[in-house]
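Q: model the following, please.
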Amino acid sequence: MITFAEYRKLDATALAEAIAKGDLGADEVLEAAIARAQAVNPELNAIVHEQYDKARNWARNWARNLARNEDASDGPFKGVPYLLKDLGAFDAGEPCTMGSRLWADFVPDHDATYTERCKAAGLVIMGRTNTPELGLNATTEPTLHGATPNPWNPGHSAGGSSGGSAAAVAAGILPMAHATDGGGSIRIPAANCGLFGLKPTRGRNPAGPDVGEGWSGMSTGHVVSRSVRDSARMMDCTHGPAPGDPYAAPPPDQPFIEEVGADPGQLRIALMTDGFDGRPLDPECIRGVEDAAKLCADLGHRVEIARPALDVAAVLQASRTVIAGNVWTAVRLRCEALGREPSGQDVEAVTWAFAQEGLKSSAGDYAAAVMVMHQCGRQLAAFFADYDLILSSTLRHPPLPLKAIDMQDTDLDHYWQALFEDEIAITPFYNSTGCPAMTVPLHMSANGLPVGVHFGAPFGDEATLFRLAAQLETTAPWFDRVPDLN
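A: Numbering: from 1, shown residues only. Sure thing, here's the model as predicted:
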């Protein structure tokens with residue numbers, strides 16, 4: 001049997017290759033993942049629903065087919081354990097609570113298109129990961145499931161809303177896990193947990209079949225991972241429109257995995273040492289950005305200080321209008337399904353406040369919000385005519401202490417400022433515009449906490465991100481930098 005020390009040295013691609021060659025069995029890889037989960041999850045609370053027996057049945061069937069010389073090797077990730085975030089990504093017959101008491105008993109009867117593609121890739125789904133209610137926080141502390149602490153320091157947040165996935169990967173339960181991002185929810189927890197996290201272009205990965213888009217195009221899904229190549233290979237497995245999708249991202253010139261290791265050329269990089277609002281960052285974040293800028297310059301890229309002129313207040317208000325409208329719609333539809341009137345009884349204070357704000361907004365408010373976001377996209381596109389990438393910090397601060405942003409806050413204005421103005425000063429603008437962006441684990445704070453470095457790219461240009469990320473990964477490796485957990 002593979003030991004944990006051996007297991008942790010392998011990313012998802014290496015695990016799949018070893019399984020395909022017969023060097024490892026899918027069953028022993030799965031048991032290594034389950035053993036690690038059982039060892040660390042009682043403290044991390046990263047996995048909130050276990051599907052271990054179902055996963056074991058899959059592994060047994062795979063081994064049986066292999067012994068019979070039947071097809072047991074299809075799918076680039078055949079036999080690799082995987083976790084789905086407990087927000088969307090329906091898996092037929094398994095609960096999907098959305099981190100909310102209102103959905104505590106919800107069990108979908110069909111797979112999401114994304115889940116279908118994960119299964120076609122050969123991934124073995126072993127459970128679901130913790131998330132704040134409806135993904136509405138940059139920390140993962142839902143009332144329903146409890147908090148997910150940071151594997152690097154349990155007094156700090158793993159981030160959100162994909163905090164459970166990021167904590168699971170950082171802790172070594174598995175090398176890659178599902179994550180979604182409506183305002184930074186792939187990149188925030190990846191930054192907090194020392195992982196690579198790329199938010200795809202709007203429309204790159206499917207959101208169906210239940211919705212055409214998440215949060216009016218602000219939200220999309222992908223993974224958090226320890227290696228760049230896993231992220232690229234996974235996007236090759238999941239991207240592309242499904243029948244009936246309202247739109248799709250521009251098709252890539254070649255498979256994303258072929259961008260990993262390709263020469264990025266000399267990139268023109270705009271350097272931001274503050275937020276889009278011009279307000280200062282924590283000194284640790286500034287150090288991380290400046291060190292990354294030097295690294296990029298040493299690699300031959302042209303780096304200069306520049307920041308796009310965006311109407312930050314207008315974009316944030318537009319985002320708030322869209323989020324509130326979507327929260328109200330989700331709560332209303334769920335209550336209709338349960339046969340009762342919406343109330344704040346089964347949701348957290350912030351969720352209910354968003355829902356009430358969404359109820360009061362007009363169709364005109366919503367239309368104006370979408371118009372503002374599209375205007376922002378054009379402003380950012382104009383800036384990218386002169387630059388290939390924007391380099392910044394992922395967050396305004398290193399990982400915050402737990403309970404720093406409280407979803408029981410009854411003052412939505414106060415909550416909004418604490419979240420979108422005081423903490424996530426960079427990531428949401430790539431959601432509003434639909435542009436791809438990534439966080440790269442290049443910096444560690446003086447007290448041993450990861451600090452993510454952020455790169456944003458023009459609409460449709462994940463290729464440049466993957467090329468640069470692979471170059472940075474080779475020059476300043478991070479794969480073996482892991483938290484010291486028992």
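Q: which stretches of the stretch 251-400 of the chain form strands?
A: 268-271, 302-305, 389-393 (DSSP state E, counting those that start in this stretch).
Q: can you put the ones you listed in CSV and add mean pLDDT and distance to Asp53?
A: From N, CA and C alone the C-beta is placed, and that goes for glycine too. CSV is the format used below for the strands of the stretch 251-400 of the chain (pLDDT from 0 to 100; distance: least, C-beta to C-beta, whole Å):
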stretch, mean pLDDT, distance to Asp53
strand 268-271, 98, 49
strand 302-305, 98, 52
strand 389-393, 98, 43
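Q: isn't Thr439 right next to Asn192, touching?
A: No - using C-beta atoms under 8 Å, Thr439 makes no contact with Asn192, being 9.4 Å away.
Q: quick check: neighbours shared by these two?
A: Residues touching both Thr439 and Asn192 (C-beta atoms under 8 Å, 6 or more residues apart in numbering): Gly452.
Q: the two: which is more packed in?
A: Asn192 (35 against 31; other C-beta atoms under 10 Å).
Q: which one of the strands of the stretch 251-400 of the chain lies closest to Val350?
A: strand 389-393 (24.9 Å; C-beta to C-beta).
Q: now do that closest one: distance to the chain's middle.
A: Centroid separation for strand 389-393 versus its chain: 18 Å, with C-alpha atoms, centre = their mean, to the nearest Å.
Q: can you tell me the strand partners of that strand and which way each runs?
A: strand 268-271 (parallel), strand 450-456 (antiparallel) (DSSP bridges).
Q: point out the most buried one among those strands.
A: A comparison of these by mean neighbour count, using mean count of other C-beta atoms under 10 Å, puts strand 450-456 on top with a mean of 28.
Q: give me the next element, helix or strand, following that one.
A: helix 462-475 (DSSP states H and E).
Q: so what touches that next one?
A: So helix 462-475 is contacted by 196, 198, 200-201, 204, 227-229, 231-232, 235, 252-254, 256, 259-264, 267, 292, 295-296, 299, 388-389, 436-438, 440, 442, 455, 457, 479 (C-beta under 8 Å, 6+ apart).
Q: thinking again about what came up before, let's have the strands of the stretch 251-400 of the chain in a markdown table, adding distance to Ala35.
A: Below are the strands of the stretch 251-400 of the chain laid out as a markdown table (distance: least, C-beta to C-beta, whole Å):
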| stretch | distance to Ala35 |
| --- | --- |
| strand 268-271 | 43 |
| strand 302-305 | 45 |
| strand 389-393 | 36 |
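Q: so which of these comes closest to His49?
A: Of the strands of the stretch 251-400 of the chain, nearest to His49 by C-beta to C-beta is strand 389-393, at 33.3 Å.
Q: now do the closest one against helix 462-475, angle only.
A: 50 degrees (axes from the mean of the first three to the mean of the last three C-alpha atoms, to 10 degrees).
Q: could I get the CA-only coordinates of strand 389-393 as CSV?
A: Extracted in CSV, the C-alpha atoms of strand 389-393 (Å, rounded to 0.1, in the frame of the first residue of the first chain):
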residue,chain,number,x,y,z
LEU,A,389,-1.3,40.9,-17.5
ILE,A,390,-2.0,42.8,-14.3
LEU,A,391,0.0,41.8,-11.3
SER,A,392,-1.3,42.5,-7.8
SER,A,393,-1.9,40.9,-4.4
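Q: can you give the contact residues for it?
A: Contacts of strand 389-393 (C-beta under 8 Å, 6+ apart): 267-273, 275, 281, 285-286, 288-289, 292-293, 296, 303, 308, 383, 426, 451-457, 464-465, 468.
Q: hmm, back to that, distance to Trp328 added to the strands paired with strand 389-393, as CSV?
A: Below are the strands paired with strand 389-393 laid out as CSV (distance: least, C-beta to C-beta, whole Å):
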stretch, distance to Trp328
strand 268-271, 37
strand 450-456, 30
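Q: these: which one's closest to Tyr247?
A: Nearest of the strands paired with strand 389-393 (C-beta to C-beta): strand 450-456, 20.6 Å.
Q: packing partners of the helix or strand in which Ala37 is found?
A: Assessed by DSSP H and E, Ala37 sits inside helix 26-44. If contacts are counted by 3 or more C-beta pairs under 8 Å, 6 or more residues apart in numbering; DSSP states H and E, helix 26-44 sits against helix 4-8, helix 12-21, strand 47-50, helix 52-67, strand 81-85, strand 124-129, helix 163-170.
Q: most packed of the ones you listed?
A: Using mean count of other C-beta under 10 Å, helix 163-170 ranks as the most buried of the helices and strands packed on helix 26-44, with a mean of 34.
Q: pairing partners for the very next helix or strand once past that one, with directions?
A: Counting by DSSP H and E, the next helix or strand C-terminal to helix 163-170 is strand 176-181. Strand pairing for strand 176-181, using DSSP bridges, gives strand 220-225 (antiparallel).
Q: so Gly99 touches Glu141, yeah?
A: No - with contact defined as C-beta under 8 Å, Gly99 and Glu141 do not form a contacting pair (9.5 Å).
Q: which of the two has more neighbours?
A: Gly99 (34 against 27).
Q: part of a strand, is the more buried one?
A: No - counting by DSSP: H, G, I helix; E, B strand; the rest coil, Gly99 falls outside a strand, being coil.
Q: distance of it relative to Gly163?
A: 10 Å (C-beta to C-beta, to the nearest Å).
Q: which neighbours do these two share?
A: The contact lists of Gly99 and Gly163 share 130-132, 140, where a contact means C-beta under 8 Å, 6+ apart.
Q: what subset of those is buried?
A: 130-132, 140 (16 or more other C-beta atoms under 10 Å).
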